[in-house]
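S.K.: For reference, the sequence and a predicted model appear below.
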Amino acid sequence: MNANPGAARRSLEGLALGDAFGERWFPLFREPLQAYNDIRARRTPEELRWHWTDDTALALAIQRVLDEHGTVDQDRLAACFALTFDADPGRGYGHGMHMLLPALLPEPEGWRTLAPGLFEGGSLGNGAAMRVAPLGAWFSDDLEVVARQAELSAEVTHAHPQGIAGAVAVATAAALSVRGELDIRAVAERTPEGAVREGLLRAVGVPFATEPWKASDLLGNGQRIRADDTVPFAVWTAARHPEDLEAALWATAEALGDVDTTCAITGGIVAARTGVEGVPASWRERRESLPGRGQGRARRTPVAGSWCGA
Ligand SMILES: [Mg+2]
């Protein structure tokens, strides 16, 4: 199995860009009507600093585990997620992660019982999907490995089969993107049965000439924060613009909804192939930078011999 860290890094940069760009369109920064008009007019958000959110923070945690171990070690990933949250809990985490991640800090291996206990049957939210595109790029040589590693990364926090399916779909899309083979039907065929796969199959039938906001009426825009309400639309916009990250992100933003997360997913998928050099320089300058390996506040974790800079 050949790892592809270069593609994973491209994907991570695109995920962070999508996350930070998408976050600009929430009512905290501009009212929905103004947001929609600005997006339609392709007016770049004027703020000079675009912070990324939980999507990127957790993607960085996965990246650290892959850098260290070359594969998903679930206890170490749980520890790294918990430390990442603890270092900066104000990154816009959802309710479930506010309950789960602090509980994993003293006992990372507790994910085995705590994650399935969330929301009676485990979370089917979009949180496992939003952080996983770089993992798909990393393992892009082997789609079986992509699916298995995506499952492992999801289970630590999202135990519901559809929370896991969302991660498998996005990781698969990112791997296909690296290979220049992004195709919604191919993603659906490798996604476990259920609502996420059904949404992807619906997306196959939505022509790319459709305006994105209309497509989101059929596919969802993440407003319900569920994987099946988020992943089909984000994969559809990525497949609509597989060679143009800027166009992909504008199209994704048109649907508003959980727009940091839909843009993070689309950005991670498309940039796995394109990188972020094609977007306007002002976007790259404004996006909060990513910590390099070994930078930031490295802390010992309760897992012997492991650390996670966060
Ligand atoms: Mg977020």
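M.R.: Perfect, I can see it now.
S.K.: For the protein, which residues are neighbours of the ion?
M.R.: Residues of the chain lying near the ion by C-beta under 5 Å from the ion: 53-55, 92, 260. Any C-beta I mention is one placed from the backbone N, CA and C, and that applies to glycine too.
S.K.: Give me the subset of those residues lying in helices.
M.R.: 54-55, 260 (DSSP state H).
S.K.: can you pick the most crowded of the residues you listed?
M.R.: residue 55 (33 neighbours; other C-beta atoms under 10 Å).
S.K.: Test my guess that that one contacts residue 131.
M.R.: Yes - between residue 55 and residue 131 there is a contact under C-beta atoms under 8 Å: 5.9 Å.
S.K.: Got the phi and psi for residue 226?
M.R.: With angles defined as degrees, to the nearest 10, residue 226 sits at phi -100, psi 150.
S.K.: quick one: the residue lying closest to it once chain neighbours are set aside and residue 163, what's the gap?
M.R.: Distances taken as C-beta to C-beta, 6 or more residues apart in numbering place residue 124 nearest to residue 226, at 5.6 Å, with adjacent residues excluded. Noted for residue 124: a distance of 5 Å to residue 163, by C-beta to C-beta, to the nearest Å.
S.K.: intersection of neighbour lists for these two?
M.R.: Shared contacts of residue 124 and residue 163, defined by C-beta atoms under 8 Å, 6 or more residues apart in numbering, comprise residue 227.
S.K.: hmm, who's touching stretch 212-223?
M.R.: Residues contacting stretch 212-223 (C-beta under 8 Å, 6+ apart): 126, 199, 202-203, 206, 226, 228-230, 232-234, 236-237, 240, 251-252, 254-259, 261-262.
S.K.: quick revisit: which residues are common contacts for residue 55 and residue 131?
M.R.: 15, 264.
S.K.: Can you get me a residue count around residue 181?
M.R.: That count, for residue 181 with other C-beta under 10 Å as the rule, works out to 13.
S.K.: Next, it: secondary structure please.
M.R.: The three-state label given to residue 181 by DSSP: H, G, I helix; E, B strand; the rest coil is coil.
S.K.: for the residue in the stretch 1-150 of the chain that the ion sits nearest to, what are its contacts?
M.R.: Closest contact between the stretch 1-150 of the chain and the ion, by C-beta to the ion, is at residue 53 (3.3 Å). Contacts for residue 53 (C-beta under 8 Å, 6+ apart) come out as 19-20, 23, 91-92, 260.
S.K.: ok, 6 Å please
M.R.: By C-beta atoms under 6 Å, 6 or more residues apart in numbering, residue 53 lies in contact with 19, 23, 91-92, 260.
S.K.: Tabulate those residues in a markdown table, adding columns for pLDDT.
M.R.: Below are the contacts of residue 53 laid out as a markdown table (pLDDT from 0 to 100):
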| residue | pLDDT |
| --- | --- |
| 19 | 98 |
| 23 | 97 |
| 91 | 96 |
| 92 | 95 |
| 260 | 98 |
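S.K.: for the closest residue to the ion within the stretch 151-300 of the chain, what are its contacts?
M.R.: Closest contact between the stretch 151-300 of the chain and the ion, by C-beta to the ion, is at residue 260 (4.2 Å). Residue 260 makes contact with 19, 22-23, 53, according to C-beta under 6 Å, 6+ apart.
S.K.: next one: stretch 81-98 to chain centre, how far?
M.R.: How far stretch 81-98 lies from its chain's middle: 15 Å, per C-alpha atoms, centre = their mean, to the nearest Å.
S.K.: Could you do stretch 173-192 as well?
M.R.: 15 Å.
S.K.: can you give me the strands for the protein?
M.R.: 298-300, 307-309 (DSSP state E).
S.K.: Compare the mean pLDDT across the ones you listed and name the weakest.
M.R.: Looking over these, mean pLDDT reaches its minimum on strand 298-300, with a mean of 46.
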